[in-house]
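**Q** I'd like to go over a predicted model; first the sequence, then the structure.
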Amino acid sequence: MRAAVLTQFGAPLTVRELPDPEVRGGEVVVEVVAACVLPYAAEVFSGARNYPLVPPVVPGTGGVGRIVHVGPDATRLRVGDLVWCDPTVRSRDDALTPDITLQGWSSRGDGGARLARHLHHGSFAERMRVPTENVFPLPEPARDDPARWASLGVYVIPYGGLLAGGLEAGETLLVSGATGNLGSSAVAVALAMGAGRVIAAGRNRAALALLAERFGTRVRPVELTGQEDPDRAAMAAAAGGPIDMVLDLLPPSAPGTAVRTAAMSVREYGRVVLMGGVGMLGGADLALPYPWLMRNSVTVRGQWLGPRTANVGIIRLLACGTLDLAGEEVRAFPLDAVNDAIAHAAAHAGPFDRTVLTPSAEGDGRPLARS
């Protein structure tokens with residue numbers, strides 16, 4: 001098979017021939033039809049994000065694929081099924097605190113690194129080996145436009161955070177970092193889940209205007225100044241009432257003060273879910289006042305990705321049309337143009353702008369027709 005390989009940090013990816021992956025018990029081999037190229041991929045491959053990838057490695061965070069081999073323990077998956085491949089791999093020998101690796105991308109601790117050595121390669125390849133429990137059948141509409149459905153890999157991340165925070169229909173959510181690729185997706189998912197109002201906080205005025213235009217009055221944009229008290233007052237004014245939950249998706253470049261500003265806008269008994277990258281490249285820790293947390297009974301939790309069931313939930317939201325992919329701008333690139341795809345993703349990091357690699361299908365970098 002052909003695959004794009006990161007040979008060393010700071011070097012362009014190289015397309016080369018690798019042995020086809022072999023199916024084993026508990027695993028599935030898929031032909032990769034479409035894989036999303038994340039906007040910050042260039043930062044990962046340059047080494048700027050200091051991710052625990054070990055070159056040489058085939059990167060890529062999951063994707064849409066067609067099953068070519070199934071292991072002997074699969075009872076429902078069939079060769080030829082179109083599936084979503086979740087890159088979040090968990091160890092099977094500790095139900096309470098499993099080790100985790102993000103296949104082809106990142107890992108957590110020594111156990112996660114050990115998993116990454118076993119499932120080393122990601123989706124920037126014609127074929128990929130995936131744990132059976134990480135494969136999820138896609139509905140019939142996905143067959144017509146699999147490149148567009150690769151976007152579910154972006155949507156499932158904030159969906160996992162919203163599930164962790166227990167977002168309920170009619171509640172008011174504040175998305176901190178709402179103007180980026182993940183943050184704007186969080187706005188869309190929250191509305192699809194029935195949020196009554198979403199406060200979209202960010203610095204990009206054009207992106208905030210796009211969110212307001214796309215979703216109407218249920219979205220209240222707040223342009224941030226970087227000053228804690230005025231920004232928190234603007235968030236409260238936009239909410240027009242209690243803020244039930246805050247979801248933070250700020251990138252590593254954002255300061256901890258921006259997280260605190262949003263977090264401390266939440267109501268008594270409110271919830272704050274941290275999913276961003278603040279502090280991962282150094283800088284001051286997040287400082288929240290003990291008396292404020294205690295006396296207001298505020299819940300703060302971290303959430304890295306989401307449970308396996310989040311994949312089922314996000315597929316259902318897409319299948320029924322509550323979460324709509326039609327308005328997305330999608331550009332597809334063939335495997336040989338992988339470095340062009342990485343550069344395009346970095347330059348198109350705004351809301352609902354997707355870059356997709358199509359290792360086993362056609363793609364030439366032109367926008368796909370909206371469905």
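**A** Everything's here; your move. Numbers count the residues shown, from 1 in each chain.
**Q** Looking at this protein, which strand is longest?
**A** For the chain, the strand that runs over the most residues, judged by DSSP state E, is strand 27-36.
**Q** Adjacent strands (with direction) for that one?
**A** For strand 27-36, the paired strands and their directions (DSSP bridges) read strand 63-70 (antiparallel), strand 127-131 (antiparallel), strand 353-358 (antiparallel).
**Q** List the buried residues for stretch 158-176?
**A** Using 16 or more other Cβ atoms under 10 Å as the test for burial, stretch 158-176 gives 158-165, 167, 171-176. Using the backbone N, CA and C atoms, a C-beta is placed for each residue, glycine as well.
**Q** re the thing from before, which is the succeeding secondary structure element to the longest strand of the chain?
**A** Counting by DSSP states H and E, the next helix or strand C-terminal to strand 27-36 is helix 41-46.
**Q** just for this structure, where's the confidence low?
**A** 361-371 (pLDDT under 70).
**Q** same thing but 50
**A** Scanning the chain for pLDDT under 50 picks out 363-364, 369-371.
**Q** ok so, going back, using a markdown table, lay out the strands paired with strand 27-36 together with mean neighbour count and distance to Val37.
**A** Below are the strands paired with strand 27-36 laid out as a markdown table (neighbours: other Cβ atoms under 10 Å; distance: least, Cβ to Cβ, whole Å):
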| stretch | mean neighbour count | distance to Val37 |
| --- | --- | --- |
| strand 63-70 | 23 | 10 |
| strand 127-131 | 24 | 15 |
| strand 353-358 | 25 | 4 |
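**Q** can I get these in TSV with distance to Glu268?
**A** Below are those laid out as TSV (distance: least, Cβ to Cβ, whole Å):
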stretch	distance to Glu268
strand 63-70	42
strand 127-131	42
strand 353-358	38
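**Q** Nearest approach to Pro21 belongs to which of those?
**A** Of all those, strand 127-131 sits nearest to Pro21, with 3.8 Å by Cβ to Cβ.
**Q** Which stretches in the stretch 151-300 of the chain count as helices?
**A** Ranges of helices in the stretch 151-300 of the chain, per DSSP state H, counting those that start in this stretch, are 152-164, 181-192, 205-215, 228-239, 256-263, 290-295.
**Q** Let me have these in a markdown table, adding distance to Asp86 as columns.
**A** Putting those into a markdown table (distance: least, Cβ to Cβ, whole Å) gives the following:
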| stretch | distance to Asp86 |
| --- | --- |
| helix 152-164 | 8 |
| helix 181-192 | 16 |
| helix 205-215 | 27 |
| helix 228-239 | 33 |
| helix 256-263 | 27 |
| helix 290-295 | 33 |
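**Q** Please name whichever of the ones you listed is nearest to Asp73.
**A** Closest of those to Asp73 is helix 152-164, at 24.6 Å (criterion: Cβ to Cβ).
**Q** what's the neighbour count on the nearest residue to Asn134 once chain neighbours are set aside?
**A** Residue nearest to Asn134 in three dimensions, not counting chain neighbours: Asp86, with 4.4 Å by Cβ to Cβ, 6 or more residues apart in numbering. With neighbours defined by other Cβ atoms under 10 Å, the count for Asp86 comes to 25.
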